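Q: all I have is the shape, not the residue letters:
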């Protein structure tokens, strides 16, 4: 019966090309805008290259410190080296990555003896960075703890920078200049997308080469210039690690003049990018409610318009449905036929919506990711969305779910109302 229903639906579409076109395009645009939001949040929250360990990662970005007797005189900033040490000593924490992000301007690299220089994005990282995050090495190896302790002038560079400097990616052991100092290439990694602002760079060098990495606030060693990423041995232990870190901070504060506040941190890696205020925890409930309202508007406003079109179409088909009832078709059978016809149109709209969605994402530029994250650097030459991020099973499952929602919402009520009449009423109406 379903095969017959779809054949009938195809014939109905051929007889009403204008209605079908409007329905498909309207459904496609609704799904495209909703899917664009889904893709953005998939990239920000799901395990994607090189943040495949997001489900086991906790993040501390900011610390708030204040005199114990005068909490109104607070000071806030990034993480200090002492907090990294506290986190590294916790049970169930396998590694703690510390990152210092420099100014995006004025970091030039060049080859010895050449005048052409390239402006790059640079990160100072510790050796644990390469275990918390998993960039794909095309040649060479990551920076080691020995490099960090020796303050060695070694670096890991991106694939695109390797090609710009050496016209090749197999360049481990080669030398280049950074700020006039010679650096040896330890390894080359596949380009990291600007959609992952925590780790994106052209150049990664040992954290110990930057004096600011050891800076801490005079009142608290927990306040500094770092961002801290904790890799937990199992995602089931994340709550234990959160409690243990807060307890370690309380023990650190005991007997001191100043008190430190992690403000609800460490955060889940999937949600940490929403913490943009150094002194307040993000209002995740308000954020998700806003997103829910947007999704409902994108889905149900088109669904209401489509319901009106279907209702008008049902009025024109009243005689046809009356004849089918006269020959024994039940209301359930006719309702199934109408829903299948509508589902076919919705599926075509879903295909169009996916195409519209990818067109929007690929042509909008990196700025689309700044809608929810101001930290995304849209000036990087690295592709802002990779094929891995765009083409994934969750996108297609979301599209299928949207098809079902639109099909039920837009077709069920007008179809039910159109089938409520008796056979005589339906035949008489269109006599």
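A: Cool, got the structure. All figures in this text were calculated on a predicted structure; none of them were measured in a lab. Residues are numbered from 1 along each chain as shown.

Q: all helices for the stretch 51-200 of the chain, in order.
A: 81-88, 129-132, 145-149, 159-166 (DSSP state H, counting those that start in this stretch).

Q: helices or strands up against the first one?
A: Meaning helix 81-88. Packing contacts for helix 81-88, counted by 3 or more CB pairs under 8 Å, 6 or more residues apart in numbering; DSSP states H and E, involve strand 93-101, strand 227-232, helix 238-253. To be clear about C-beta, it is placed using only N, CA and C from the backbone, and glycine gets the same treatment.

Q: got JSON lines for those, with mean neighbour count too?
A: Shown next, in JSON lines, are the helices and strands packed on helix 81-88 (neighbours: other CB atoms under 10 Å):
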{"stretch": "strand 93-101", "mean neighbour count": "22"}
{"stretch": "strand 227-232", "mean neighbour count": "24"}
{"stretch": "helix 238-253", "mean neighbour count": "16"}
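
Q: can you add mean pLDDT and distance to residue 358 and give the ones you listed back as TSV?
A: Below are the helices and strands packed on helix 81-88 laid out as TSV (pLDDT from 0 to 100; distance: least, CB to CB, whole Å):
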stretch	mean pLDDT	distance to residue 358
strand 93-101	94	31
strand 227-232	96	31
helix 238-253	94	34
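
Q: to residue 64, which of those lies closest?
A: helix 238-253 (11.0 Å; CB to CB).

Q: quick check: next helix or strand after that closest one?
A: Counting by DSSP states H and E, the next helix or strand C-terminal to helix 238-253 is strand 258-261.

Q: outside of that following strand, which residues touch it?
A: Residues outside strand 258-261 that contact it (CB atoms under 8 Å, 6 or more residues apart in numbering): 63-68, 71, 219-220, 222-223, 249, 252-253.

Q: what's the ChimeraX line that selects buried ones from those?
A: In ChimeraX, this line selects whichever of these come out buried by 16 or more other CB atoms under 10 Å:
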select :63,64,65,66,220,222,223,249,252,253
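
Q: and the strands in the stretch 1-150 of the chain?
A: For the stretch 1-150 of the chain, strands defined by DSSP state E, counting those that start in this stretch occupy the ranges 57-60, 63-67, 75-79, 93-101, 108-110, 117-119, 122-125, 137-140.

Q: tell me which of the ones you listed lies nearest to residue 179.
A: Closest among those, once you apply CB to CB, is strand 108-110, at 7.2 Å.

Q: can you pull the buried residues of the closest one?
A: Neighbour counts using 16+ other CB under 10 Å place 109-110 of strand 108-110 among the buried residues.

Q: who does it pair up with?
A: Sheet pairing for strand 108-110, assigned by DSSP bridges, gives strand 117-119 (antiparallel), strand 175-178 (antiparallel).

Q: average pLDDT across the last one?
A: Read that as strand 175-178. Mean per-residue pLDDT for strand 175-178: 94.

Q: and for the first one?
A: In this model, strand 117-119 has an average pLDDT of 88.

Q: cool, and stretch 262-277?
A: Here the average pLDDT along stretch 262-277 is 85.

Q: what's it in contact with?
A: 44-46, 51, 53-55, 57-64, 87, 197-198, 228-230, 238, 241-242, 245-246, 249, 279-282, 284, 287, 372-375.

Q: repeat the analysis, applying 6 Å as the threshold.
A: Residues outside stretch 262-277 that contact it (CB atoms under 6 Å, 6 or more residues apart in numbering): 44-45, 54, 57-61, 64, 242, 281-282, 373.

Q: next one: stretch 13-31
A: 298, 302, 345-346, 348-350, 352-353, 356, 402, 406.

Q: flag every buried residue along that stretch.
A: 13, 19-20, 23-24, 26-31.

Q: go on, stretch 119-126?
A: 120-126.

Q: residue 164 and residue 173, how far apart?
A: 18 Å (CB to CB, to the nearest Å).

Q: who's more crowded, those two?
A: Taking other CB atoms under 10 Å, residue 164 and residue 173 do not tie; residue 164 has more neighbours (17 against 11).

Q: what pLDDT, on average, does stretch 357-369 get?
A: Regarding stretch 357-369, the rounded mean pLDDT is 72.

Q: equivalent analysis for stretch 56-74, please.
A: 90.

Q: all strands for the stretch 251-400 of the chain, in order.
A: Using DSSP E, counting those that start in this stretch, the strands of the stretch 251-400 of the chain run over 258-261, 267-268.

Q: tell me which strands the longest one pairs with, and in which orientation.
A: Right, the one you point to is strand 258-261. Strand 258-261 has the following strand partners under DSSP bridges: strand 63-67 (antiparallel).

Q: the strand it pairs with vs helix 238-253, what angle?
A: If you take axes from the mean of the first three to the mean of the last three CA atoms, to 10 degrees, strand 63-67 sits at 30 degrees to helix 238-253.

Q: quick one: residues in contact with strand 63-67.
A: The contact list for strand 63-67, computed with CB under 6 Å, 6+ apart, reads 73-76, 79, 219-220, 222-223, 258, 260-261, 263, 279.
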